[in-house]
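Chemist: Provided below for reference: sequence and predicted model.
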Amino acid sequence: MKLRKLLPAGCLFALASLPAISMGQEGYPLDGTWRGEGGQPPETVVVVMSWDGATINGRINPGRNTINFTSAKLDAANWQLHAEAMSKEGEVIVIDAKLENIGSYTRTLTGTWTVDGVANPIVLTRE
Amino acid sequence: MLVQLSKTFSSHRKLLAAAMLLALTACGGETTTETPDAATTAVARETPRYDDSVVRFDRVPGEQGYWGNPSKHSLIETGVDVPMDEQGLLANIADASKVAPFMDWSLALYQYRQNNGLKDDPVNVCISPAGPRHLQADGGFRIIQDRNYDRVYLMFGGGNRNWRHINMDGRMPPNPDEVTGTYYGYSTGHWEGDTLVVESSGFNDRFWFSNGGLPHTAMLHLTERFTRNDYDTLTYQVTITDPYTYTRPWNAEWTLDWIDGEIEEHFCEQ
């Protein structure tokens, strides 16, 4: 009963909080954790990126099977990311994606996820 | 009847105003014989000090007042002069690269923010201005020296009516790797002659430190110099160091006026 009463108030609070969350904008636009669906069949992919003033450091699926970026470059004029990595099995992974909705905390990277020459569309959303 | 009285009062007021204007014009004619230097000397009041001659940045006992009316309304590198409005919007976007020594990404982000009319400014959702921007915000600020506890407080009328504190007890700043970044960072201060020098780091990157949308990262470090040149003038100089955002450290500077009165109550509301 109490929960029923609290639910509408909770929803209102969540809605009221939404603009503050969605308008948050931070320093280097690629910094953070990104999640999306990639590959065929689609699998959840997590990418963590951080800028150190010279290099975009990146990790794919952090954990026991982390794959580190071997190179990454942001063409800031077009907000286009090109990143490369190699899996433990020797597969070359290439991410080519455009950064969109930059003003939002939950900005997106939209493009292709290529493994050993096979490209699939991907959308990564910043969390 | 009331209307008639009002009209009579109004015509009397106009006559009075005209007479005052004539008198002022006559007086003005006499003062033009003074040299500008002599006039300045006559007006400038000495910087107030404590008994031990340390500069007093706030009110003398019994006085009201605060710092406001900044001579610049946005952050821009010293020596650069490009037109922008009071919100920091450039008159010509082609001037963007002159404002600060940007890296490619930070210039692109600055241009993006400028081109969309600063609509993503966190201030729009009541996230406080911070860093140098707070010293340009409407509402003014006070610099309160707490000499018992070796601290200086900056109390702001603008933004969210917040305060910063500056540790003056000689402590070292914390290890950057152990700091969780905050909006106002961690500040330590010392004196260089009559100038209060404040070193600040440990910022987060969730605010805009200038109203025009200059980017920064958590590596931001500020060196601020406060100098009370005379009773009514404060010079603020800041060196911005952020090796993740700018290609080199850069400086900005403006002056502020001592304003008689109290800081007005202001709270951010969405």
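Modeler: Alright, I've got the coordinates. On a predicted model such as this, the values are computed, not experimentally measured, just so you know.
Chemist: so what strands line up beside the strand or helix carrying A:Ala83?
Modeler: Using DSSP states H and E, A:Ala83 falls within strand A:80-86. Applying DSSP bridges, strand A:80-86 is found paired with strand A:67-75 (antiparallel), strand A:92-100 (antiparallel).
Chemist: Buried deepest among these, which one?
Modeler: strand A:92-100 (a mean of 18; mean count of other CB atoms under 10 Å in any protein chain shown). Glycine gets a C-beta too; all of them are placed from N, C-alpha and C.
Chemist: Let's test this: what are the backbone torsions at B:Glu178?
Modeler: Here is the backbone geometry of B:Glu178 (degrees, to the nearest 10): phi -110, psi 10.
Chemist: per-residue pLDDT, it?
Modeler: We have a pLDDT of 88 for B:Glu178.
Chemist: just the one 4 residues further on next, same as before
Modeler: At B:Thr182, the predicted lDDT confidence score is 94.
Chemist: what's the offset of the strand holding A:Ala83 from the middle of its chain?
Modeler: 13 Å (CA atoms, centre = their mean, to the nearest Å).
Chemist: Need the residues that contact it.
Modeler: When contacts are defined by CB atoms under 8 Å, 6 or more residues apart in numbering or on different chains, strand A:80-86 is touched by residues A:30, A:56, A:58, A:60, A:67-75, A:92-99, A:109, A:111.
Chemist: got the buried residues for it?
Modeler: A:Leu81, A:Ala83, A:Glu84, A:Ala85 (16 or more other CB atoms under 10 Å in any protein chain shown).
Chemist: how near is the most centrally placed residue in chain B to B:Thr47?
Modeler: Within chain B, the residue whose C-alpha comes closest to the C-alpha centroid is B:Leu135; the distance, by CA atoms, centre = their mean, is 2.7 Å. Shown here: B:Leu135 relative to B:Thr47, a distance of 19 Å by CB to CB, to the nearest Å.
Chemist: Ok, B:Arg59 next?
Modeler: 13 Å.
Chemist: related to what we said a few turns ago, looking at the buried residues of strand A:80-86, which is nearest chain B?
Modeler: Set against chain B, the nearest of the buried residues of strand A:80-86 by CB to the nearest CB is A:Leu81 (11.1 Å).
Chemist: mind saving the C-alpha coords of whichever helix or strand B:Asn229 is part of as CSV?
Modeler: Applying DSSP H and E as the criterion places B:Asn229 in strand B:221-230. The C-alpha coordinates for strand B:221-230 follow below in CSV (Å, rounded to 0.1, in the frame of the first residue of the first chain):
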residue,chain,number,x,y,z
HIS,B,221,45.4,23.8,-12.2
LEU,B,222,44.8,27.4,-11.4
THR,B,223,47.3,29.9,-10.1
GLU,B,224,45.3,33.0,-9.0
ARG,B,225,46.7,36.3,-7.9
PHE,B,226,44.6,38.8,-6.0
THR,B,227,46.0,42.3,-5.6
ARG,B,228,44.1,45.2,-4.0
ASN,B,229,45.7,48.0,-5.8
ASP,B,230,43.8,50.7,-3.9
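Chemist: Low-confidence regions, chain A specifically.
Modeler: Scanning chain A for pLDDT under 70 picks out A:1-25.
Chemist: Leaving out chain neighbours, which residue sits closest to the most centrally placed residue in chain A?
Modeler: Nearest residue to the geometric centre of chain A (CA atoms, centre = their mean): A:Trp34, 2.2 Å. Once flanking residues are discounted, A:Trp34 sits nearest to A:Leu124: 4.0 Å by CB to CB, 6 or more residues apart in numbering or on different chains.
Chemist: which stretches of chain A form helices?
Modeler: A:2-22 (DSSP state H).
Chemist: so what's residue 102 up against?
Modeler: Answering for chain A, as no chain was given. A:Gln25, A:Pro29, A:Trp79, B:Leu109, B:Tyr112.
Chemist: switch to chain B, that's the one I care about
Modeler: B:Tyr110, B:Thr245, B:Tyr246, B:Thr247.
Chemist: so how far is chain A from the last one?
Modeler: The one in question is B:Thr247. From B:Thr247 across to chain A, the span is 10 Å (CB to the nearest CB, to the nearest Å).
Chemist: My read is that that residue contacts B:Ser106, right?
Modeler: No - applying CB atoms under 8 Å as the test, B:Thr247 and B:Ser106 come out as separate, 9.3 Å apart.
Chemist: more neighbours, the two?
Modeler: B:Ser106 (24 against 13; other CB atoms under 10 Å in any protein chain shown).
Chemist: The more buried one looks like it's in a strand, true?
Modeler: No - assignment of B:Ser106 by DSSP: H, G, I helix; E, B strand; the rest coil gives helix, placing it outside any strand.
Chemist: give the contact list for it.
Modeler: B:Leu214, B:Pro215, B:Thr245, B:Tyr246.
Chemist: Which one (most neighbours) among those residues?
Modeler: B:Pro215 (29 neighbours).
Chemist: For the stretch 151-270 of chain B, what lies in contact range of chain A?
Modeler: Residues of the stretch 151-270 of chain B lying close to chain A (CB under 8 Å from any CB of the partner chain) are B:Asp205, B:Arg206, B:Pro215, B:His216, B:Thr217, B:Ala218, B:Met219, B:Pro243, B:Tyr244, B:Thr245, B:Gln270.
Chemist: B:Tyr153 and B:Arg147 touch, don't they?
Modeler: No - B:Tyr153 lies out of contact with B:Arg147 (CB under 8 Å); the separation is 11.6 Å.
Chemist: In terms of neighbours, single out the busier of the two.
Modeler: B:Tyr153 (16 against 11).
Chemist: Spatially nearest residue to the more buried one, not counting backbone neighbours?
Modeler: Per CB to CB, 6+ apart, closest to B:Tyr153 is B:Ile144, 4.4 Å.
Chemist: neighbours around A:Thr112, how many?
Modeler: 14.
Chemist: what sits against the residue nearest to B:Val55 when sequence neighbours are not counted?
Modeler: Closest residue to B:Val55 apart from its sequence neighbours, by CB to CB, 6+ apart: B:Asp194 at 4.8 Å. Neighbouring residues of B:Asp194 by CB under 8 Å, 6+ apart: B:Thr47, B:Val55, B:Thr227, B:Arg228.
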